[in-house]
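# sequence first, then the predicted structure:
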Amino acid sequence: MAIGLPPSLSDTIVALSTPPGAGAIALLRLSGPQAILLTDVVFAGKRLRDQPSHTLHVGTIRDGARILDEVVVSLFRGPHSYTREDVVEISTHGSDYIVQEVLTLLLRHGARLAEAGEFTKRAFLHGAFDLAQAEAVADLIAADSALSHQVAMRQMRGGFSQELKDLRGRLVQFAALLELELDFGEEDVEFADRTGLVQLLQEVQQLVRRLLRSFELGNVIKNGVTTVIAGRPNAGKSTLLNALLNEERAIVSDVAGTTRDLIEDEVSIEGIRFRFVDTAGLRDTTDVVESIGVERTLKRVQQAALVVYLFDITTTTPADLKAEIEALKLPAGVGVLAVGNKLDVAPDTDQEAFLTRPGTVLIAASRGDGLDELRQELLARVRLDGLDRTGSSTIVTNLRHAQSLEQANQHLDAVLMGLSTGAGTELLAADLRHALAALGQITGEISNDDLLTSIFTQFCIGK
């Protein structure tokens with residue numbers, strides 16, 4: 001259902017929808033009431049206003065007698081288009097000069113430049129999809145792994161929205177009965193079965209909490225895991241980074257203190273992005289430059305989502321390892337994985353000292369021994385147990401959604417508390433309204449201009 005449309009929707013907007021820079025093809029997109037007529041003015045070929053929707057037309061774009069380019073024009077008549085308005089897409093050659101000339105020509109004939117995310121915003125305002133689905137469009141564009149693509153695609157196709165709709169629908173009926181009680185307040189009647197309401201609220205809250213728990217995993221899928229490789233000098237941190245990336249990214253040397261600055265790169269492990277950070281070896285040093293590197297290491301460790309503490313099996317005892325990890329003073333919530341290196345040269349007695357230590361992985365980074373086990377342990381540390389690889393389970397990836405779910409959860413708590421203490425209908429109805437509003441903010445059933453501006457300005461211009 002379309003909502004009230006702002007005056008700016010009477011404009012016809014235009015933007016480059018392909019990345020800027022020279023390429024084979026560039027695509028300019030127009031949307032709005034004059035999109036077809038405006039294009040007709042500059043297009044030499046079939047008269048577009050007479051052509052049916054979802055058709056392609058070859059011709060030229062002309063500025064008076066001057067031919068700017070040979071193009072293909074795609075025609076989409078509203079409401080059967082992305083924005084539900086008339087949409088024209090002009091495929092030109094990818095020259096920056098051609099793009100700017102065609103864009104300037106369209107602006108001169110009455111179009112205006114689109115704002116960031118304005119095409120998707122118009123689609124939302126015209127009721128093509130809800131706000132959660134609109135945000136999923138941006139996530140789909142940014143998806144850089146199979147899992148992030150899977151989650152964004154499910155949300156864009158309305159899986160999350162349908163789950164929220166079902167939740168709200170179960171609450172609305174009881175909310176209406178409570179409101180009815182307020183209308184008959186002087187007659188002291190109860191239309192809403194309090195026992196049934198408690199059971200319903202508990203079921204809905206259980207679903208809300210499941211969605212909230214999924215945000216931890218969703219955040220990992222969307223943003224990746226910042227993983228700092230820390231340890232003493234010559235533990236093999238740079239060798240491990242190179243082995244995980246399968247390339248010579250960091251300099252490897254027997255000289256202690258070779259790495260003095262942070263070296264970062266990403267690798268995908270079963271669809272989860274890990275951003276590994278190689279750091280300076282942790283030790284007391286009088287070298288000014290190396291000491292700066294150590295300070296940066298300690299600072300980055302505090303900011304990590306996960307710390308891989310690498311140690312040399314041949315020179316470290318279990319007591320040493322325990323003390324070194326404790327010295328990091330990791331904040332609550334930062335996981336640490338102890339990884340013993342140089343398995344290939346360590347005597348059996350050194351290996352045995354750590355084999356019984358829970359959560360410790362032994363590897364030989366230079367040969368690649370134990371790396372598969374390390375990868376599996378990394379995945380286990382980001383709690384993939386909640387991942388349904390069939391795509392049938394909703395995973396929350398958006399912080400705004402998680403915050404709204406938390407608000408809904410708190411208001412549901414308040415309603416349950418009110419029911420247990422015999423609170424008046426006015427208080428119960430008010431808290432239930434707040435819970436419904438929090439859920440409605442996710443899909444845009446309840447929204448405001450500031451919220452929409454905040455969301456859509458994060459999109460790229462041509463989308």
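Done, it's in.
# and the next element down the chain from the longest strand along the chain?
Determined from DSSP state E, the single longest strand within the chain is strand 66-76. Reading on from strand 66-76 to the C-terminus, the next helix or strand found by DSSP states H and E is strand 87-93.
# okay, now the unreliable bits of the stretch 251-400 of the chain?
Applying pLDDT under 70 to the stretch 251-400 of the chain flags residues 251-262, 281-294, 349-350, 356, 383-392.
# quick one, helices of it?
With DSSP state H, counting those that start in this stretch as the criterion, the stretch 251-400 of the chain has helices at 288-303, 318-327, 348-355, 371-381, 399-421.
# please apply the same query to the stretch 101-250 of the chain.
Under the criterion DSSP H, counting those that start in this stretch, the stretch 101-250 of the chain contains helices at 118-125, 131-142, 146-156, 159-183, 194-223, 237-245.
# take these and lay them out in JSON lines including distance to residue 372, mean neighbour count and mean pLDDT.
C-betas here are computed from N, CA, C, even on glycine. Below are the helices of the stretch 101-250 of the chain laid out as JSON lines (distance: least, CB to CB, whole Å; neighbours: other CB atoms under 10 Å; pLDDT from 0 to 100):
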{"stretch": "helix 118-125", "distance to residue 372": "41", "mean neighbour count": "24", "mean pLDDT": "93"}
{"stretch": "helix 131-142", "distance to residue 372": "29", "mean neighbour count": "21", "mean pLDDT": "88"}
{"stretch": "helix 146-156", "distance to residue 372": "19", "mean neighbour count": "21", "mean pLDDT": "84"}
{"stretch": "helix 159-183", "distance to residue 372": "33", "mean neighbour count": "17", "mean pLDDT": "80"}
{"stretch": "helix 194-223", "distance to residue 372": "20", "mean neighbour count": "17", "mean pLDDT": "85"}
{"stretch": "helix 237-245", "distance to residue 372": "11", "mean neighbour count": "23", "mean pLDDT": "86"}
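# which of these sits closest to residue 340?
With CB to CB as the criterion, residue 340 lies closest to helix 237-245 of the helices of the stretch 101-250 of the chain, at 11.3 Å.
# how about the residue nearest the centre of the chain, nearest residue that isn't a chain neighbour?
Among the residues of the chain, the one closest to the centroid is residue 222, at 4.0 Å (CA atoms, centre = their mean). Among residues not flanking residue 222 along the chain, residue 397 sits closest, at 4.2 Å (CB to CB, 6 or more residues apart in numbering).
# do I have it right that the one you found meets residue 220?
No: contact between residue 397 and residue 220 fails when scored by CB atoms under 8 Å: they sit 9.1 Å apart.
# and the chain, what are its domains?
Domain assignment for the chain by automatic domain parsing gives 7-128, 140-220+393-444, 227-304+306-381.
# dump the ones you listed to CSV, plus distance to residue 134.
Below are these laid out as CSV (distance: least, CB to CB, whole Å):
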stretch, distance to residue 134
domain 7-128, 5
domain 140-220+393-444, 8
domain 227-304+306-381, 24
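# and of the ones you listed, who's closest to residue 458?
Nearest of those (CB to CB): domain 7-128, 7.0 Å.
# distance check, residue 299 against residue 277.
Distance, residue 299 to residue 277, by CB to CB, to the nearest Å: 11 Å.
# neighbour count: these two, which is higher?
Higher neighbour count among residue 299 and residue 277: residue 277, with 24 against 11, using other CB atoms under 10 Å.
# ok, now which ones touch the more buried one?
The contact partners of residue 277, by CB atoms under 8 Å, 6 or more residues apart in numbering, come to 226, 227, 228, 229, 262, 263, 264, 300, 304.
# now render those as a markdown table, adding distance to residue 413 and neighbour count.
Shown next, in a markdown table, are the contacts of residue 277 (distance: CB to CB, whole Å; neighbours: other CB atoms under 10 Å):
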| residue | distance to residue 413 | neighbour count |
| --- | --- | --- |
| 226 | 33 | 19 |
| 227 | 35 | 23 |
| 228 | 37 | 26 |
| 229 | 41 | 26 |
| 262 | 43 | 15 |
| 263 | 46 | 18 |
| 264 | 41 | 15 |
| 300 | 38 | 18 |
| 304 | 33 | 23 |
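# what two of the residues you listed are the furthest from one another?
Distances among the contacts of residue 277 were taken as CB to CB; the most separated pair is 263 and 304, at 14.6 Å.
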